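> Quick one, fold the following:
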Amino acid sequence: MASIQKMIIEQVQHYVRNEIKKYLRRQNDETSKIQGELTECKKRLSKLESNVNERDENTISSWLDRMRTHGATLKALRKKLAISQKELAILLDTNPATVNRWESGRVRLSRKSCEKIARIRSMSVSEAHRALQEKYILQKKT
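Sure, this is the predicted structure:
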């Protein structure tokens, strides 16, 4: 009787081991598949990022060139945001005469000024007016 119990236990253990091995093989196969997909996704993401970075850099460079040479672009931005030269000067932390010189083309914008303008360019009209209000409040406090 003890030998029959021992045989049954061995058979059950053998069966359980085989089931565990099958389960682990399936898990390894799925893990390998997921790792392959992940590697492929990383490659595609890397390619997309490089394309975007190249385009962004080209777009930014061309926009900077236009901003530096054409004051009309700055004026159009100011009109789009419905603000005066004085208000634009406040947003850019400069004086209105400088904004006037930029718009008239007498002075080219520096890269730093272009970067500030780029931040303002991404604002909506309401955001620009909100930023102006905040600047006014800060000016009154000082």
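> Let's test this: mean pLDDT of the longest helix along the chain, rounded?
Across the chain, the helix with the greatest residue count (assigned by DSSP state H) is helix 2-69. Mean per-residue pLDDT for helix 2-69: 81.
> following that helix, which helix or strand comes up?
Past helix 2-69, further along toward the C-terminus, the next helix or strand under DSSP states H and E is helix 71-80.
> Return that following helix as PDB; C-alpha atoms alone will do.
Output for helix 71-80, consisting of C-alpha atoms alone and laid out as PDB, is shown next (Å, rounded to 0.1, in the frame of the first residue of the first chain):
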ATOM      1  CA  GLY A  71       9.300  93.100 -37.900                       C
ATOM      2  CA  ALA A  72       6.000  92.500 -39.600                       C
ATOM      3  CA  THR A  73       5.900  89.000 -38.100                       C
ATOM      4  CA  LEU A  74       6.200  90.500 -34.700                       C
ATOM      5  CA  LYS A  75       3.500  93.100 -35.400                       C
ATOM      6  CA  ALA A  76       1.200  90.300 -36.700                       C
ATOM      7  CA  LEU A  77       1.700  88.400 -33.500                       C
ATOM      8  CA  ARG A  78       1.000  91.500 -31.500                       C
ATOM      9  CA  LYS A  79      -2.200  92.200 -33.500                       C
ATOM     10  CA  LYS A  80      -3.300  88.500 -33.100                       C
END
